[in-house]
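>>> What follows is a predicted structure for the sequence shown.
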Amino acid sequence: MSEKGGRLLEIRGLWIEGQADEDWVPIVKGVDLTLDRGEVLGLIGESGAGKSTIGLAAMGYARDGCRISGGEILFDGIDLRAASEATRRSLRGRRIAYVAQSAAASFNPAHRLIAQYAEGPVRHGVMSAAEAESDAVDLYARMRLPDPESIGFRYPHQVSGGQLQRAMTAMAMACRPDLIIFDEPTTALDVTTQIEVLSAIRDIVDRFDTAAIYITHDLAVVAQMADRIKVLLRGEEVEEADTRTMLATPSEDYTRSLWAVRSFARAEQPPARDATAVLSVEGVTAGYDRLDVLRDVSFDIHARRTVAVVGESGSGKSTTARVITGLLPPRMGEVRFEGTPLPPGYRGRSRDQLRQIQMIYQMADTALNPKLRIRDLIGRPAQMYLGLRGKRLEERVRDLLSLIELEPDAHIDRLPSELSGGQKQRIGIARALAAEPRFIICDEVTSALDQLVAEGILRLLDKLQGEFDLAYMFITHDLATVRAIADEVVVMKEGRVVEQGPKADMFQPPHHPYTELLLSSVPEMDPDWLTDLLERREAGGAGAGAAGT
Amino acid sequence: MGFLTGVVILAVVVAVALAAGWLFRAMMVAILPAGAGRTLRTAPPAAGFGMLVILLYILVALFAPLIAPFGEREIVGPEFLPWGDTHLLGTDNLGRDMLSRLVYAARNTIGIAFVTTALAFLIGSVLGILAALTGGWLDQLLARAVDVLMAIPALIFALLLLTIVGTSIVNMILVIALIDSTRVFRLARAVSMNIVVMDYMEAARLRGEGTWHLIVREILPNAMAPLVAEFGLRFCFVFLTISALSFLGLGIQPPTADWGAMVRDTATLISFGDVTPLLPAGAIALLTVSVNFVVDWQLHRASGLKE
Amino acid sequence: MPHVLRMIAQRLALGLVTLFVVSIIIFLGTELLPGDFAQQMLGQAATPETVAALRERLGLNDPMLVRYVDWLTDILRGDFGVSLANGQPVADLIGRRLVNTLSLALYAAAISVPLSLALGILAALFRNTLFDRFVNASALTSISFPEFFVAYILIFLFAGAGGMFPSMASLRGDPGLGEYLHRAFLPALTLTLVTTAYMMRMTRAAIINLLASPYIEMARLKGISPMRIILRHALPNALAPIINVIALNLAYLITGVVVVEVVFVYPGLGQLIVDSVTARDMPVVQGVALLFAGAYVLLNLTADVLATLSNPRLMHRR
Amino acid sequence: MTRTSIARRGPNRRSILKGATAFGGAALVLPMGSRMGRAQPSRGGILRTGTAHGSTTDSLDPGTWENDFMIQLAHMRNNFLTEIAADGSLVPEIAESWEASDDASEWTFAIRAGVPYHSGRTVTAEDVVASLNHHRGEDSTSAAAPILADITDIRADGMNVIVTLASGNADFPFILSDYHLAILPATDGAIDPRTTDGCGPYVLDELELGVSASLTRFDGYWKPDAAWFDGIELISIIDPAARQNALISGEVDYIDQVDLNTVNLLRRSPGIEVLSVAGTQHYGLPMDTRAAPFSDNNIRLALKYAIDRQQMVDTILNGYGAIGNDHPIGSGQRFFNTELEQKTFDPDRARFHLKEAGLDSLDVDIHLADAAFAGALDAGVLFSETAGRAGINLNVVREPNDGYWSNVWMQKPFVGTYWGGRPTEDQMFTTAYATGAPWNESYWSNERFDELLVAARSELDEDLRREMYFELQELVSDQGGTIIPMFASYVGAHTDRLQHGEDVATNWANDGHRMCERWWFS
């Protein structure tokens, strides 16, 4: 990170347009970017900022439906826009490589990892297949993949997400490129896995002195990786600075607002232990086929309180939600609503019981029927449960839209595809509210959203809770969210509740070791955080093994 | 020989067709309200041409009696008159006006094919979606039943069934619809399998929605694109099935005019280089190609692939 | 691997059940046909007595269930019975024609499968170009003509007086391979034309469907050439639907070509079953129909197995 | 003539039962080819003939022969007791000669000596008895049983076969030319119905039912000036276009049942000759005379005058045929009524008859399928056109081809039918017009007709007989229940290399199915 070579990439006045029906609209508007050899530049911004599009443009590549309409892209003196497709193809993979967000989707499911590793070098004539394969084993080892000799002979589906992401980084390294584009490489991973991948990436980039563009929306992550950070907003540059400078003294309001997100915190609600819990999960054991996914899970949720259920993927958070909603009848134990046991399956529940428990989903895209208009999406529960018709129904829909801070006239007749991600999530909330429930399950409702948008959603949920006396169960893996909104926390691991209690207690040591691991793995805005953490873990010898597989 | 001339004519026809498609699209964009117009503007000329042809066919079918110069069954002159002023496309083997027969055949053929295909889709898609939705024994039962029906060759099965129930037009529609519905079932089931796992389906189930609402409001609109594409192909295959049946002596019987049977009746003439059978065959082909141009465009739009 | 074997066993069992149900349907169907063989053979002159005598002799008077069970047990023993019409064993009647049918299907498939794959791949590669549109439109045109009409056009173009190929694919005198290929060329070409379009469109669609996948973009960003992307990255993942549509078309080539057989005077199974339906020669109808159903089940099974073999996710469990 | 494989079956099955052989008297021959410079027959060449018939359900059993594939094969492989010559006269074949008792109820046939079978055996009187007995008896399933039903006894006496009939029949030897009655070798008094043996001109080498047969010339054939080909390939080509194509492309030398839609185009093809033979084959539209409205003869007459016969011949037969006069006797037959007024399309007269029946207009259904005869539905359409002009609203009901002869014919009141004809006037009338006859399609019953028919059969005076048959025709034509608008010719086509005699038999297609031994290559 000390010595940098000469200029490797120079982008001047880049304009990129995307196709919307017949029209071309600009999505990158005159961005300049320079990168020296061995340097790591962080590109940061919310969705729609054009980060990935710029990253791909650095390879002279535009996705289908996009076109580079202006500016210059000089890679090591070669004008990528003017160069022939053959020239560009010969550079891609060989001198500029790419690491995609989802390794699971970006590895071809039909071929073994090592074959895909070797394809680039062999096609580019850099090495023979045999050389490439032995090289792969070497790089797999460097990426700290388990069993580097044989892991390459597995198919993508046989390898876990974190390992795949490392294998993909190794693949990108295959031709020892001058530049690698990392496009949100850890976004899809659990926090504990993320650390492993981040450290492996940082090591290998250092080792081969490769220049990199690191694209992410997560400031804490980019702080660990980048020498310099460029902040983007809607296709335009906001500011650019050295990492430490940027973290310490951002000059633009927008940047400051990004920093500020993490400051949102709700006033904690007073505990109401005396009243009957709105919802109690009691000794639930449940699973699929013969496999138990949940074992003896119990917790209570009271009115006006938010219980956050945290844990990594596979810990049983979502299965718990399925038991509560009745999609998965438990093998043992029961779910009570205001003290009354609920029938185990949703088919056995009365319409009123169904009404009382609503759910908001992580992916608003799949949770809203894309062919129905907002009017019907929100109106249907009101019509079904409350028997509203005609004008009253319309009024109710408009009220709900106002509640979720969307202008009724402008939105009531839209399709979900005509809304932004945050707006869609608000519709999801409105749909749940339309049933006038007492209890809402929020399943990772903010994890697919940008931070500013997510904050808005959290604030809205908070407001509504007060207004309608709602009880929330908040499923999340993001501890920042927990900090912001929860009254109580339930930590789950491998289908069991490992720790639960009021939020204040949870964030105070001593912790259960697993809670400790989770808490310590959340990246912090300190550029030295990762280095320090790894050193600490090295010293302690604990935790790393649990997350590293 | 006329072959080269044919190629030149074909090229001209293609050029004119594309131009017509382009013009038609431009015209419709101008006429239609903004939303539909914007969608339409994305249509390639081929799809524009397809829509134009389909529209023309529908008009011809609807207004056959107004367009046809003579009656469908009316014997208006000597048999096998050449093309001329009174009889633009000449007369057929009984002395009926060829053009009029073609026009009326549009009505019969399209009408029968449409009813048949619609019926096949009604049966096939409802059952297919239902199978995907409910799963379990009903799904297994329906899937196995369809397997069984598909294991019997379609033409043989149609032959057997039509022999049993007799060859009226109604029976033919029912039999072909039944056989075709098995194909639709498989598609509808496969498509729905991907839809029933969506979160909005879960939400609707948890809301306590009934099966019919789930099928009609939640699944069907989302399964529409592939089903419509299949509808286009099936619609055209129905003509072919009917004409194959008429080859085996079971199709639409004269004097009702239909393109499949008209090809069949005049097919021997092609052995002598007479172009008469090309007229009804061309009518089928033009419609098939047009329908599929539109279907391709729709599928392309639905796939979200932009190129 | 063992689970593949288990799947095959499972599917075979299921196939047998399917065949069993098909046998019931066919049996019932032939029962329901108006008129029976005795009536059909004796004609209008038949007195009630002679019809009864003939029925008795042919065993047509037994209750339906008895006849069905007898027939089924015979089949299970490998005995397809004898034709009511001419007393020849059904197995003999089917045997030679089965060979003919299979060879024609094979011939047509040998042309159409590679052709449709190649055209489908090229169309996917040059999608939305003039080439793509031309191939697509010609394919659609060729499937929108009735089979017999395609056959007549081919005969007109290629047979005629002094033509290159015979208009009849008659197999008299056991032709050698070269001679067979020559004689059966036009029927094979007809079948090629009617089946290629569908397979080609499916191939193209299956490939194009995958082109939006992230791993295809990844391959592009690795600097892989478009042709190799299609062949190496898209095709292996598109195999399952392609194999499926090929299997369906092969089944069609075996079971659905009666019209082509008639036009080209080709002695295959289709003509046999149509003749037998008309003559109410039930043992033959049932035998051939069962054979067709068997072919369909077997081809589907093969397709499923191949699709499984082509899918690492199913072949190599975690 | 067939359009489809399904349609084919009906008429063929019936043709066995109803069509028998030709009549005596002058044959009407209309060969289309040139008669000039016809060469003497010469030996050689393989005749390849494509026939519109043949089914995989065919069988070697003579009792089941029903279509032209098996019938042609029979005439290649087998001989019969008698033969109808190309000029229409009855000539001896296996029966060298015959004589009848005075009342024509006992017939003695002298069997030709030394006629060899392909297997080497010689034809005996016992073989003849067994060959005929195959079609008789209680449990016989032969389609020819009805035509031999009158026989009470057959016995062999040396080289003679003596047949006793229940009643006298002067035309009995004609019946023995029927194509079912092939002479086959017998063992223990019975023939083996599956034998491939025969005493005909060609030896069967290979037979694939419904597909083809190949035969080579039998060196030991007894006829000196017959069977000119070295061998024969008989090929079943069901599809009319395929048949035509096979002829045009030179893959066959002869085809039968030329598609009449394109026959004129075919005639223009180089090297192709079309051969049209007018015979006794006729198409009819029987009405059930027991049922209203057809029970009223005025209605029947109205319909008879409401049909345009010439248009039918021109359109349905494309000119290859002759108009009919509502009786089944062909213009070439011995006792054809030359004095009978020809009915023509006359709407006024039809209206007149309607009025006589007390009606202004008439609504009536006719049930047709192309199985009845080729173009039956088209004929129905034409008929309804012309009938409309006479105030008759004729509705054509389309019936399925399959099962037509079981479910429609003689079941529905107004249908279509087809007859190959009968060798004698008596047989034709007895079979289809006498009261209570099993195939009396119109259920017509006329006392005078029945009396006259019996009288004519036993009348020996030629003039008196002619008078009687004239009256019978007049009765059928004016009062009968069947409209017979047209007589259809047999239309075949062949390459110009193939030659035939000046006379071509009119009793059946394909030169009375004898082209195998009468025709030759130039």
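Yes, it's here. Numbering: from 1, shown residues only, chains lettered A, B, ... in the order given.

>>> Now do residue 413, the pLDDT please.
No chain in the question, so chain A it is. Looking at A:Asp413, its pLDDT reads 87.

>>> actually it's chain D I care about, not the one you picked
At D:Pro413, pLDDT is 93.

>>> Isn't it up against D:Thr289?
No. Applying Cβ atoms under 8 Å, one finds D:Pro413 not in contact with D:Thr289, separated by 9.3 Å. All C-beta spots, glycine's among them, are computed from the backbone N, C-alpha and C.

>>> how far away is the residue nearest the centre of chain B from chain C?
Computing the C-alpha centroid of chain B and ranking residues by Cα atoms, centre = their mean puts B:Phe235 first, at 2.4 Å. With distances taken as Cβ to the nearest Cβ, to the nearest Å, B:Phe235 is found 11 Å from chain C.

>>> ok now do the nearest residue to that residue once chain neighbours are set aside, which residues does it touch?
Closest residue to B:Phe235 apart from its sequence neighbours, by Cβ to Cβ, 6 or more residues apart in numbering or on different chains: B:Thr117 at 4.6 Å. Shown in contact with B:Thr117 (Cβ atoms under 8 Å, 6 or more residues apart in numbering or on different chains): B:177, B:180, B:231, B:234-235, B:238.

>>> Doesn't B:Thr117 lie inside a helix?
Yes. Assignment of B:Thr117 by DSSP: H, G, I helix; E, B strand; the rest coil places it within a helix.

>>> How about the longest helix along chain C and chain B, touching?
Longest helix in chain C, counting residues (DSSP state H): helix C:90-125. No. Using Cβ under 8 Å from any Cβ of the partner chain, helix C:90-125 stays clear of chain B, coming no nearer than 11.3 Å.

>>> what's the helix or strand for the closest residue to chain D within chain A?
Nearest residue of chain A to chain D, counting by Cβ to the nearest Cβ: A:Lys371, 44.6 Å away. Taking DSSP states H and E as the definition, A:Lys371 sits outside all helices and strands.

>>> Surely it is in contact with B:Ile195?
No. Using Cβ under 8 Å, A:Lys371 makes no contact with B:Ile195, being 10.5 Å away.

>>> Next, the contact list for the residue lying closest to A:Tyr61 once chain neighbours are set aside, please.
Distances taken as Cβ to Cβ, 6+ apart place C:Leu221 nearest to A:Tyr61, at 6.4 Å, with adjacent residues excluded. By Cβ under 8 Å, 6+ apart, the contact set of C:Leu221 is A:56, A:59, A:61, A:92-93, A:97-98.

>>> What separation do you get for C:Leu221 and A:Val445?
Between C:Leu221 and A:Val445 the computed distance is 33 Å (Cβ to Cβ, to the nearest Å).

>>> before we move on, back to that, so the residue nearest to the centre of chain B sits in a strand?
No. Assigned with three-state DSSP, B:Phe235 falls outside any strand and is helix.

>>> neighbours around the residue of chain A closest to chain D, how many?
The local packing of A:Lys371 (other Cβ atoms under 10 Å in any protein chain shown) involves 18 other residues.

>>> per-residue confidence at it?
The confidence metric pLDDT takes the value 86 at A:Lys371.

>>> Need the distance between the two termini of stretch D:120-138.
32 Å (Cα to Cα, to the nearest Å).

>>> Could you give the average pLDDT over that stretch?
On average, the pLDDT along stretch D:120-138 is 91.

>>> In whatever helix or strand comes next after the longest helix of chain C, which residues are buried?
Heading C-terminal from helix C:90-125, the first helix or strand you meet, by DSSP H and E, is helix C:130-144. Of the residues in helix C:130-144, those buried under the neighbour-count criterion (16 or more other Cβ atoms under 10 Å in any protein chain shown) are C:132-133, C:135-144.

>>> Domain ranges for chain D, per the record?
D:3-199+D:494-521, D:282-488 (automatic domain parsing).

>>> which stretch in these has the least confidence?
With a mean of 80, domain D:3-199+D:494-521 has the lowest mean pLDDT of the domains of chain D.

>>> care to break chain C down by domain?
Listed domain ranges for chain C are C:15-76, C:98-315 (source: automatic domain parsing).

>>> got the angle between the helix or strand where B:Val13 lies and helix C:130-144?
Using DSSP H and E, B:Val13 sits in helix B:2-31. Per axes from the mean of the first three to the mean of the last three Cα atoms, to 10 degrees, the angle that helix B:2-31 makes with helix C:130-144 is 100 degrees.
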